[in-house]
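A.B. asks: requesting a structural model of the entry that follows:
(one chain, ligands or ions: 1)
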Amino acid sequence: MPELPELELLSETLTRYLAGKTISEVVLNPARAFVIRHPAQDFAETLRGRVLSDVRRRGKFLLFGFAECDEQLVINPMLSGRFAYCSRAAPTLAATCFTLRLAGGDEMRFLDATMMARVYLTSRPEADVPTFADLGPDARDPHLDFAAFAARLRKHRGEIKNVLRNQAFIAGVGNAYADEILWEARLRPLRRTSTLDDSERAALYAAVRTVLSDATAIVKQQYAEHKHPLHKQDRSFLRVHGKGKAVCPRCGHRISSIHSGGESTYFCRGCQV
Ligand SMILES: [Zn+2]
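C.D. replies: Okay, here's the model as predicted:
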């Protein structure tokens, strides 16, 4: 699932590719147009002729803006939404939901193998996009200092991993980076937030900031070095998430995993308390 670091790369890269480009045509894949929460044909006709301005990120949503228009194309990629930027000649993958054909010959394609993504066209995302109005401050928001973070933590009780992933607490963290943040903070995922002492809360806040800024730098570097196309993720750099058979890079203990509800949590019993 793309989370804050991958979406940060996407917003920056897609802005670079798309700003000032005119959408000459929207091609829908009828078998996958379900992800578009708008009458599909109307969606295609409305977007034709529009000029893209920028792509911003809010939590785990991407918002595509248009010149001289209040409406935005709002995309929540969920589990498997991916973006490809390519020439018209590039082979079309089966998971493609829709394609924005751009004047000049390039295309932006939105792909989703599981069709869990949701796509909206709206000038009022707070009213029209479920959960958007409930988003907490961005996990990398410069105004989110330790005092603000600790105050929010007092209001969101429960297991720390669930709280970190709750977009109403802070926006942008999902399953993978929650594991990484908790490893960095040396805290077990099932600890309850009410059991954290002052130094543990401070360690958690510091880990949110460093893990996300380091990961954002790494995914940007990977893309700059052409290690993978935009629609692929290379998360081999993660330290515990998905590393069930490895040893902890900090203490050498074998990494533990818990699987529940189709999702997995990874942590180290040797150095997370
Ligand atoms: Zn360890």
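
A.B. asks: so what secondary structure elements neighbour the least confident helix or strand in the chain by mean pLDDT?
C.D. replies: In the chain, no helix or strand scores lower on mean pLDDT, DSSP states H and E than helix 40-47, which sits at a mean of 93. Contacts defined by 3 or more C-beta pairs under 8 Å, 6 or more residues apart in numbering; DSSP states H and E place helix 40-47 against strand 23-28, strand 96-102, strand 118-122. For glycine as for every other residue, the C-beta is placed from the backbone atoms N, C-alpha and C.

A.B. asks: how about the residues of the protein that lie near the ion?
C.D. replies: For the chain, the residues in contact with the ion (C-beta under 5 Å from the ion) are 248, 250-251, 253, 268, 270-271.

A.B. asks: out of these, grab the one that's most surrounded.
C.D. replies: C268 (23 neighbours; other C-beta atoms under 10 Å).

A.B. asks: that one reaches P249, doesn't it?
C.D. replies: No: using C-beta atoms under 8 Å, C268 is not in contact with P249, being 9.1 Å away.

A.B. asks: so P137 sits against A171, correct?
C.D. replies: Yes: with contact taken as C-beta under 8 Å, P137 and A171 are classed as touching, separated by 6.9 Å.

A.B. asks: buried residues in the longest helix anywhere in the chain?
C.D. replies: Criterion DSSP state H: the longest helix present in the chain is helix 198-224. Across helix 198-224, burial judged by 16 or more other C-beta atoms under 10 Å covers 200-201, 203-205, 207-209, 211-212, 215-216, 218-220, 222-223.

A.B. asks: cool, and stretch 8-25?
C.D. replies: Buried residues in stretch 8-25 (16+ other C-beta under 10 Å): 8-15, 17-18, 21, 23.

A.B. asks: could I get those residues as JSON lines with pLDDT and secondary structure?
C.D. replies: Formatted as JSON lines, these follow (pLDDT from 0 to 100; DSSP: H, G, I helix; E, B strand; the rest coil):
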{"residue": "E8", "pLDDT": "96", "secondary structure": "helix"}
{"residue": "L9", "pLDDT": "96", "secondary structure": "helix"}
{"residue": "L10", "pLDDT": "96", "secondary structure": "helix"}
{"residue": "S11", "pLDDT": "97", "secondary structure": "helix"}
{"residue": "E12", "pLDDT": "97", "secondary structure": "helix"}
{"residue": "T13", "pLDDT": "97", "secondary structure": "helix"}
{"residue": "L14", "pLDDT": "97", "secondary structure": "helix"}
{"residue": "T15", "pLDDT": "98", "secondary structure": "helix"}
{"residue": "Y17", "pLDDT": "96", "secondary structure": "helix"}
{"residue": "L18", "pLDDT": "98", "secondary structure": "helix"}
{"residue": "K21", "pLDDT": "98", "secondary structure": "coil"}
{"residue": "I23", "pLDDT": "98", "secondary structure": "strand"}
